[in-house]
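Participant: Requesting a structural model of the entry that follows:
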Amino acid sequence: MFVRFAFLATALTLGFAGPAAADTAVLDKLQASRLAITLDQGTLSGPGAAPLLQASRQAQYVLLGEDHGVAEIARFSSAYFNALAPAGFTTLVTENGPVVAGALDGMLKRADAVTAIARFDAAYPDAIAFYTMRQEAEMLAGFAVAAGPRFEQWGIDQEFVGTAKYLIAQMLAQPVNPAARAKLEALRQREAVASQKAAATGNPLEYLLLSASDEEFASLRPLLAGSREQTALGLLDVLLESRAIYQKSASRVPGDRDISNRMRLALLKRTLASQLGVQEQKLVVKLGANHAYKGINPLNNRDVGNFLAERAEGQGRTSLHLIVLAAKGKQLRFAGAGKPPRPAEIEPDSSAFKLLASAAATDGHWSLFDLRPLRSGARKLAAGDIDVFNLINGYDFALIIPEGSASTQLTIP
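Facilitator: This next block holds a predicted model:
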């Protein structure tokens, strides 16, 4: 779902006296190092473009942590990734499940890729996360062209909440035995009813992925025991793991949401690790901002950003971590199952976010900050503010767009 990124306070103990506003020294340092970046017809320019691109091209992994649903961030991502493609970055990692990402891969090899994504979204609502926004779909299609024949798109997340319809269709496309096929056909009919109810109520918990009983899915497993059914069984496992993560997330039992978060993080890392080989390729990774931190993120987790930073360091390579936020404006947010997303105000909701916004240019230019020189004095500069401390250590660069506009939802032409 389109969840608003927030720098949340953590319970870490790092030797700080306690939460306090960051010392004005950090604001002065940020303002003194500020460089402008301009996006003109899909190309990055301005004083900040060269140092950012140079540092990025030298890395093994480039992670862009974003606030979702902002059109300008998608357009920046497109220009940024396209500029990295000639340096060997031809694989893009996203927050979609592997099965739907495989479907996207096929669409992105077509000349009408954006239209194909819109049609898929119409056929399978809430199966694709984020890339049913026009600017995001155009970014994907553009990068596929820039990367050329070596382009790959990896999805490492759980499948999105409306994906049961697509997963059941894919299972039915496999050579399954008659008993399994009959059960899958019954589930397909049950899914159609559940999707209608989800769309009518706007409640994503009504989708079959979450509204079905445990027995409805459990009774399918023994029917997929043969060698010919192993692909279908794998798809069922994907469905069940996604279901378990969402169930814990939606639970009101104390602690279950934390369990859901840990389950999801384990899945993200495990899926990514399974894709990486001994002679692994360079990656560009586009995730929500909390996921791309090195070290501990604001949710007190070691996330994908830290996983790749450690992996790169162990190989004698580097990772580059860039956070991109809009200081104000609007973003597109999830508005309910089967409902068009709605624009909502961007709300600076942490001291770190507010600090970057305060340091940004007031003349309308995009502002790039190199955070790496601040690390040697991070404790003093943060002045007890854990959000600011985590930002300085978790990201190499920060880009602030003065005002964002909400992305637009894809429609079929």
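
Participant: So which residues of the protein form strands?
Facilitator: 35-40, 43-45, 61-66, 89-94, 152-155, 282-288, 319-326, 330-333, 342-345, 366-370, 397-401 (DSSP state E).

Participant: The last one relative to strand 366-370, how many degrees between them?
Facilitator: In other words, strand 397-401. 170 degrees (axes from the mean of the first three to the mean of the last three CA atoms, to 10 degrees).

Participant: about what we covered before: looking at the strands of the chain, which is nearest to Asn297?
Facilitator: Between Asn297 and these, the shortest separation by CB to CB is 9.2 Å, and it involves strand 61-66. (Glycine included, C-beta is placed from N, CA and C.)

Participant: Just the CA coordinates for that closest one, please, in PDB.
Facilitator: Taking Å, rounded to 0.1, in the frame of the first residue of the first chain, the C-alpha atoms of strand 61-66 are listed here in PDB:
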ATOM      1  CA  TYR A  61      25.100  -0.900  -5.600                       C
ATOM      2  CA  VAL A  62      23.200   2.400  -5.800                       C
ATOM      3  CA  LEU A  63      20.200   2.800  -3.500                       C
ATOM      4  CA  LEU A  64      17.600   5.500  -3.900                       C
ATOM      5  CA  GLY A  65      15.400   5.900  -0.900                       C
ATOM      6  CA  GLU A  66      12.300   7.900  -1.700                       C
END
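
Participant: where in the chain is pLDDT low?
Facilitator: Within the chain, the segments meeting pLDDT under 70 span 1-23, 278-279.

Participant: Show me the residue sitting in the middle of it in space.
Facilitator: Leu287 (3.0 Å; CA atoms, centre = their mean).

Participant: Report the outermost residue of this structure with respect to its centre.
Facilitator: Pro178 (38.7 Å).

Participant: Could you check how far it is from Asp237?
Facilitator: Per CB to CB, to the nearest Å, Pro178 is found 22 Å from Asp237.

Participant: And His321, by the same measure?
Facilitator: For His321, the distance to Asp237 equals 32 Å [CB to CB].

Participant: who's more crowded, these two?
Facilitator: Remark: of His321 and Asp237, His321 carries more neighbours, 25 against 12, as counted by other CB atoms under 10 Å.

Participant: and the more buried one, what is it in contact with?
Facilitator: Going by CB atoms under 8 Å, 6 or more residues apart in numbering, His321 touches 63, 65, 292-294, 305, 309, 394-397.

Participant: If we use 7 Å, what do you get?
Facilitator: 63, 65, 292, 294, 305, 394-396 (CB atoms under 7 Å, 6 or more residues apart in numbering).

Participant: same thing with Arg57?
Facilitator: 84, 87.
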